[in-house]
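[1] next input, structure requested:
(chains A and B)
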Amino acid sequence: MKALKKVIHNLDPKFEKGGKWEKMYPLYETLSTFLFTPKHVTKKGAHIRDGVDLKRTMFMVIIALVPCLLFGIYNTGHWHYELQSYLNPEQYAGYSDYLTGFGDKVVYGLIQVLPLVIVSYAAGLGAEFIFGFIRGHGLHEGFLVSGLLIPLTMPADVPLWMVAVATVFAVVIGKEVFGGTGMNILNVALTARAFLFFAYPTAMSGDKVWKSGTKEVMAENGGLMPDGSSGATALGDLATFVGDSPSVAGEALSASASNGALLDKFQAAYDPIHAFIGMIPGSVGETSTLAVLIGAGILLFTGVASWRIILSFFAGGFVFGLLMNGISANAYMDMPAFYHLIIGGFAFGAVFMATDPVTASQTQYGKLWYGFLGGGLAVLIRVLNPAYPEGVMLAILFMNVMAPLIDHYVVQANIKRRQKRFKTA
Amino acid sequence: MSKTVRLRKGLDINLLGEADKVKADVKPPAMVALKPADFHGLVPKVVLKTGDKVKRGEVVFYDKYNQDIKFVSPISGTFEEIVRGAKRKILEVRIKSDGSDDVVSVDPIDPSSLSADEVKKVMLDNGLWPFLKQRPLDIIANPAVKPKAIFISAFDSAPLAPDYDFILHGQDQDFQHGLNAISKLTDGKVHLTLNGKVPADKAFQNAKNVEINKISGKHPAGNVGTQIHHIDPIGKGDMVFTINPQDVVTIGKFFAEGKFDPTRIVALTGSEAKNRKYYRTIIGTQLTDIVKDNLESDNVRVISGNALTGAKVDADGFLGFYDSHITVLPEGDEYKFFLTKGWLGPGFDKYSSHRLFPTWIMKNKKYRLDTNMNGEERGFVVTGEMEKVLPFDILPMQLIKAIMVKDIDAMEQLGIYEIAPEDFALCEYVCTSKIEIQEKIREGLDVMNEEVM
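    Have a look, this model is predicted:
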């Protein structure tokens, strides 16, 4: 270590102001501060400082994301081979020896998912460094998390160039134009996802993108999905069920009976245990509520994420789910409230997106409102607007915008309470 | 009515190197200095010239903008020099001891028989006034104002802080005398706030003419600002005075004996100090005799005051005017490899309020912390961490942001009148983004001083 330290810090003068490689300072600073905490000392004020810094905090979020990433890799492979199993072996020679072993699924998942992660980091870090060079500072750690969140919110088959475009868009327009890490209004990873969602909806929604390799299977099957298979997410499936108004023996069912039939069909396809573990199609990292909860445990245990936001987000979703059950106007509304929490990106959004401290409410009470309304809104969007089966992304982005307003009222309440002390005294 | 306050928020930082409960004498210093920087915002007007003889208790300089406030010499000797810094700012006013003890002496006075104005005049003329500070702003008290109350904290909760019970032990009479004097300055109460966790010394317990409150909790329970907030908060237009117990004794001694007695019992603490004891010395003493031979190594940070709010001094520098505490810490000017001692290390050597470090398992361990920043400055990212260590009904992040944009209305509404930089020292300590919060608070107070007060 000493030798490395010597080598690196002998280079210091070359990167300092007036040095030979002065312009490369941001890159050098990033690498050298990654390896060695700099020897900056306090000058006045608090002479000692807490051991924590943003690097350690952000690294803990990355660790918390690992279960989601690993499960996502496996799940991508799983659904890829699951879809193929509907084909007749003779239909497509290449698939006749399709593999279903655990290792094969993981290998396929790795082949699909790792490029997403690499492209996301490469594009995002590139954009970050350009701004670092302009502003003369090294990399601020925020993107290390965003760079992993972005691929986890994408369908596995999304073209890599789209990931790159979306990431650059999110970093530049979503963050750097506001001043960089800590200054952004919208969550960076969700900005990337929303950008793709609206710019390239066919790659991000519908029933052809959630199982990796759908396109190839359909090409083999005369442009149709194989009989008996479905390519949609659970939420998307329910939406198509609703569109299909079912009938028994040619006669239309009454509304409530039809809802019941839909739900039975839905629950048969997505039983809660599978949905909880994550054996459902969806974006790479979002499907497994279990993996998300492991991550949540890490974040809450280390105190990196706010328990207020996570708890109130789940509570908001559940309460609004119950509320919808009470109204019960379509099959969506009748879906048991707990389902909302375990399907789609709800849990992932609650734990990793809503808790982004920069874009969430900053006051302690504000966080409770922010989470509760965010969770509620996510369910509302899902239920009332089947065009957007995934409401969590939009709900969180909306609450990002509303967070300062929530904080404003919390601050006003604080001011009033503080002034009151003098009136009664 | 006396109050008992329990705090849930705060943070005790367990540093290695407490002072033993032994009082030791050191020889009288060869040199003392008064440092205008100890009195924020003061512009001194020095009345002596180099080589002038000065007695203990004789005026050395006064406040240029409030000429009634005078500062006196703690020793008799000759006026040595003025040490100036950038823009000819006066850093130190040095007086060399002549070994004798010529002292300005007046007749003892019983403060009980004096009016408020008479007490004030005695204190101003004899260099006792600067011991009083005012809130808002945390500067020397404005003599033209009658405060609504006076606050004295009977304990210091900062890391390695000296034990006031030990220091004040046996000085009951002088302390009471001082209380009698300063209680004349207000029509309101003099609040003396004791530590609720341990029984206080008799000097505190039996104090008369005061309202005795109790407060218990972690640091900053001992900060007078915390106590004001919970006992009798300051609103717009209010003013309170604050003073340290040892300074009350100095005032009491003056009224009892008619002489300025600069005696100060100072705790030498910190992991890099040897012979950690309580030393009996004087205000503004050169630290050579106390510190210089008692260092474990060369690469240390000597702090006049505590590790969170003190001022960096040289090993042969001078004790701050208000300080009764010296902390010596290892300097942290070394690179730390990220996997061993750096940002991704196990972190057994770091004390953290965050559970990202194993601190919370090892509750009783004492830490040898150095002065490394442990990271680089970043934008505000993490929220909620400061709220945990600030036992005020104040929103720290919002207040600091209001200060950064100099929004005077917001600062006022969010509570800038109630706070001093020291109250935010723990916020600065825990800040993940390594923002210098105490400096920001001081900037905010300066803005308020210019624009509003």
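[2] all contacts plus neighbour counts: C-alpha atoms, from now on.
    Noted.
[3] low-confidence ranges, the chain, go.
    Just so you know, I chose chain A. For chain A, the stretches flagged by pLDDT under 70 are A:1, A:89-100, A:237-259, A:261-262, A:386-387, A:389, A:424-425.
[4] switch to chain B, please.
    Applying pLDDT under 70 to chain B flags residues B:1.
[5] again, 50 this time
    Confidence mapping of chain B against pLDDT under 50 gives zero matching residues.
[6] which residue of it lies farthest from its centroid?
    Among the C-alpha atoms of chain B, the one most distant from their mean position (C-alpha atoms, centre = their mean) is that of residue B:339, at 37.7 Å.
[7] checking the residue nearest to that residue when sequence neighbours are not counted next. Helix, strand or coil?
    Leaving out its chain neighbours, the residue that sits closest to residue B:339 by C-alpha to C-alpha, 6 or more residues apart in numbering or on different chains is residue B:345, at 4.4 Å. Three-state call for residue B:345 (DSSP: H, G, I helix; E, B strand; the rest coil): coil.
[8] in the stretch 101-250 of chain B, what residue lies closest to chain A?
    Per C-alpha to the nearest C-alpha, residue B:235 is where the stretch 101-250 of chain B lies closest to chain A, at 6.7 Å.
[9] can you report phi and psi for that residue?
    Backbone geometry at residue B:235, expressed as degrees, to the nearest 10, gives phi -100, psi -180.
[10] ok, it - contacts?
    When contacts are counted by C-alpha atoms under 8 Å, 6 or more residues apart in numbering or on different chains, residue B:235 is found next to A:419, A:422, B:417, B:418.
[11] in TSV: these, plus secondary structure and neighbour count.
    Putting the contacts of residue B:235 into TSV (DSSP: H, G, I helix; E, B strand; the rest coil; neighbours: other C-alpha atoms under 10 Å in any protein chain shown) gives the following:
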residue	secondary structure	neighbour count
A:419	helix	16
A:422	helix	13
B:417	helix	22
B:418	helix	25
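[12] burial of the nearest residue to residue A:34 once chain neighbours are set aside, as a residue count?
    Spatial nearest neighbour of residue A:34, chain neighbours left out: residue B:338 (6.8 Å); criterion: C-alpha to C-alpha, 6+ apart. For residue B:338, the number of neighbouring residues by other C-alpha atoms under 10 Å in any protein chain shown comes to 19.
[13] spell out which parts of the stretch 251-400 of chain A neighbour chain B.
    For the stretch 251-400 of chain A, the contact set with chain B under C-alpha under 8 Å from any C-alpha of the partner chain comprises A:301, A:302, A:303, A:304, A:357, A:358, A:362, A:363, A:364.
[14] flag every residue of the stretch 101-250 of chain B that's near chain A.
    If contact is defined as C-alpha under 8 Å from any C-alpha, the residues of the stretch 101-250 of chain B in contact with chain A are residue B:235.
[15] now do the strands in the stretch 101-250 of chain B.
    Using DSSP state E, counting those that start in this stretch, the strands of the stretch 101-250 of chain B run over residues B:133-135, B:139-140, B:149-153, B:189-195, B:211-216, B:240-243.
[16] near chain B, which residues of the stretch 1-150 of chain A are found?
    Within the stretch 1-150 of chain A, the positions adjacent to chain B are A:1, A:5, A:34-57, A:140 by C-alpha under 8 Å from any C-alpha.
[17] try 10 Å this time
    By C-alpha under 10 Å from any C-alpha of the partner chain, the part of the stretch 1-150 of chain A that sits against chain B consists of A:1-2, A:4-5, A:9, A:32-57, A:59-60, A:140-142.
[18] which residues touch the residue positioned nearest the centre of chain A?
    Taking C-alpha atoms, centre = their mean, the centroid of chain A lies closest to residue A:153, which sits 4.5 Å from it. When the contact criterion is C-alpha atoms under 10 Å, 6 or more residues apart in numbering or on different chains, the partners of residue A:153 are A:189-190, A:192-193, A:204, A:282-287, A:345, A:348-349, A:393.
[19] kindly recompute the last result at 7 Å.
    Residue A:153 makes contact with A:193, A:283, A:284, A:285, A:286, according to C-alpha atoms under 7 Å, 6 or more residues apart in numbering or on different chains.
[20] closest one to chain B out of those residues, please.
    Distances from chain B to the contacts of residue A:153, taken as C-alpha to the nearest C-alpha, are shortest for residue A:193 (21.9 Å).
[21] would the closest one count as being in a helix?
    Yes - assessed with three-state DSSP, residue A:193 lies in a helix.
[22] residues in contact with it?
    When the contact criterion is C-alpha under 7 Å, 6+ apart, the partners of residue A:193 are A:150, A:153.
[23] tell me the phi and psi of residue B:45?
    Summarising the backbone geometry of residue B:45 under the convention degrees, to the nearest 10, its torsions are phi -120, psi 100.
[24] count of residues packed around it?
    A count of neighbours around residue B:45, defined by other C-alpha under 10 Å, yields 15.
[25] my guess is it meets residue B:64, correct?
    Yes - Residue B:45 is in contact with residue B:64 according to C-alpha atoms under 7 Å; the separation is 5.4 Å.
[26] which parts of the stretch 251-400 of chain A are helices?
    A:255-269, A:272-277, A:289-301, A:307-327, A:331-334, A:337-342, A:346-348, A:364-384, A:391-424 (DSSP state H, counting those that start in this stretch).
[27] just name the most buried of those helices.
    With neighbours taken as mean count of other C-alpha atoms under 10 Å in any protein chain shown, these reach their highest mean count in helix A:346-348, at a mean of 29.
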